[in-house]
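*Asks:* below: sequence and its predicted model.
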Amino acid sequence: MGITGWLRLVEHRLALAWRALFPGRIRHYGDGGTIHRTGEVNVEVDPEGKVVSVWFRCALLPFTENVVGVDRAKEMRSAYKHEVHRKITAIDFLEPR
């Protein structure tokens, strides 16, 4: 097998490894690709306080709602009393094939 054959084999194996790690198309959302400049997620709740959707800019995000105990709720309210200095600039989505 010549060098071209080896390169094709390596390229094929890299493609297989990539597909195993990322089984769908990766879509980058943000960093100037949208008209919105918000750096946080938006959580929408119904009148009873149940989460109905989670968004980043215009992208609907998957979520899991967890009911927490009194101590955890107090801890998280305390954490958000001060400004959170992290801003989300982009999210990478894995779209299934």
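*Replies:* Thanks, I have the structure now.
*Asks:* pull the helix or strand with minimum mean pLDDT from the protein.
*Replies:* The weakest-scoring helix or strand in the chain, judged by mean pLDDT, DSSP states H and E, is strand 24-30 (a mean of 74).
*Asks:* summarise which helices and strands that one is packed against.
*Replies:* If you count contacts as 3 or more CB pairs under 8 Å, 6 or more residues apart in numbering; DSSP states H and E, strand 24-30 packs onto strand 90-96. Placement of C-beta: from N, CA and C, glycine included.
*Asks:* ok, back up a step: note down every partner strand of the least confident helix or strand of the chain and its orientation.
*Replies:* When pairing is defined by DSSP bridges, strand 24-30 lines up against strand 90-96 (antiparallel).
*Asks:* what mean pLDDT does the strand it pairs with get?
*Replies:* In this model, strand 90-96 carries a mean pLDDT of 78.
*Asks:* centre of the chain to the least confident helix or strand of the chain, how far?
*Replies:* Its chain's C-alpha centre and that of strand 24-30 lie 9 Å apart, by CA atoms, centre = their mean, to the nearest Å.
*Asks:* after that strand, next one along is what?
*Replies:* strand 41-45 (DSSP states H and E).
*Asks:* just to revisit the earlier point, in the least confident helix or strand of the chain, which residues are buried?
*Replies:* Within strand 24-30, the residues scored as buried using 16 or more other CB atoms under 10 Å are G30.
*Asks:* got the CA positions of stretch 62-73 in PDB?
*Replies:* Output in PDB follows, covering the C-alpha atoms of stretch 62-73 (Å, rounded to 0.1, in the frame of the first residue of the first chain):
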ATOM      1  CA  PRO A  62     -33.900  21.100  26.100                       C
ATOM      2  CA  PHE A  63     -34.400  21.100  29.800                       C
ATOM      3  CA  THR A  64     -35.200  19.000  32.900                       C
ATOM      4  CA  GLU A  65     -37.200  20.500  35.600                       C
ATOM      5  CA  ASN A  66     -36.200  19.500  39.200                       C
ATOM      6  CA  VAL A  67     -38.100  20.300  42.300                       C
ATOM      7  CA  VAL A  68     -35.600  21.200  45.000                       C
ATOM      8  CA  GLY A  69     -35.800  21.300  48.700                       C
ATOM      9  CA  VAL A  70     -35.900  24.400  50.900                       C
ATOM     10  CA  ASP A  71     -32.200  24.400  51.600                       C
ATOM     11  CA  ARG A  72     -31.200  24.200  47.900                       C
ATOM     12  CA  ALA A  73     -33.700  26.900  47.000                       C
END
